[in-house]
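J.: got a predicted structure plus its sequence, pasted below:
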Amino acid sequence: MSKTVIHTANAPAPIGPYSQAIVANGVLYTSGQIAIVPDSGALLIDEIQAETEQVMENVKAVVEAAGFTLNDVVKASIFLSNMDDFPLVNEVYGRYFSGEAPPARETVQVARLPKSVNVEISVIAVKS
């Protein structure tokens, strides 16, 4: 099996023993991204739309660092601390995947997320 670790300074550094992403046999698997601003390390959690925007920018940075694009994403997983935020998260998310073939996805509410954030997103991508 071919396995490559992906790392970029344009997304937050891992906060534990994991990689930002792995490419294995041509498939990209990203770790969950939260709303840490890579340049400053600031955590954006006061407003769900701004938080989701930062999460998606972090996802995009990791995907692009691996040589993929958001058009290559086939699966997304969204974790929310409050399902009432779903419409606002979905609106921001939809700006990043607005084509005719958006990725498959699940959205689940969880009891708690790292650093007590409100949203975490991970993706799987395959070059088309």
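T.: Thanks, I have it. Residues are numbered from 1 along each chain as shown.
J.: excluding its backbone neighbours, what's nearest Y18?
T.: Using C-beta to C-beta, 6 or more residues apart in numbering and skipping residues adjacent in sequence, the residue nearest Y18 is S31, 5.4 Å away. C-beta here means a position set from N, CA and C on the backbone, and glycine is covered the same way.
J.: gap between that neighbour and F86?
T.: Using C-beta to C-beta, to the nearest Å, we find S31 at a distance of 22 Å from F86.
J.: of those two, who's got more company?
T.: The residue with more neighbours, out of S31 and F86 and counting by other C-beta atoms under 10 Å, is S31; that gives 21 against 16.
J.: right, and the more buried one touches G16 too?
T.: No. Here S31 lies out of contact with G16, judged by C-beta atoms under 8 Å, at a distance of 9.2 Å.
J.: how long is stretch 77-89 from one end to the other?
T.: Start-to-end span of stretch 77-89 (C-alpha to C-alpha, to the nearest Å) is 12 Å.
J.: quick one: contacts of it?
T.: The contact list for stretch 77-89, computed with C-beta atoms under 8 Å, 6 or more residues apart in numbering, reads 32, 48-49, 52, 93, 105-113, 116-123.
J.: over to stretch 120-128?
T.: Here stretch 120-128 has contacts from 26-34, 55-56, 59, 63, 66, 68, 71-79, 93, 103, 113-114, using C-beta under 8 Å, 6+ apart.
J.: now with 7 Å?
T.: 26-34, 55-56, 59, 63, 68, 71-79, 103, 113 (C-beta atoms under 7 Å, 6 or more residues apart in numbering).
J.: just the ones of those residues in helices?
T.: 55-56, 59, 63 (DSSP state H).
J.: going by distance to A11, which of the residues you listed wins?
T.: Closest to A11 out of those is V59 (7.9 Å), distances taken as C-beta to C-beta.
J.: ok, the closest one - contacts?
T.: By C-beta under 7 Å, 6+ apart, V59 lies in contact with 30, 33, 121, 123.
J.: show me where this protein has strands.
T.: Counting by DSSP state E, the segments of the chain that form strands are 3-6, 21-24, 27-30, 73-80, 104-109, 119-126.
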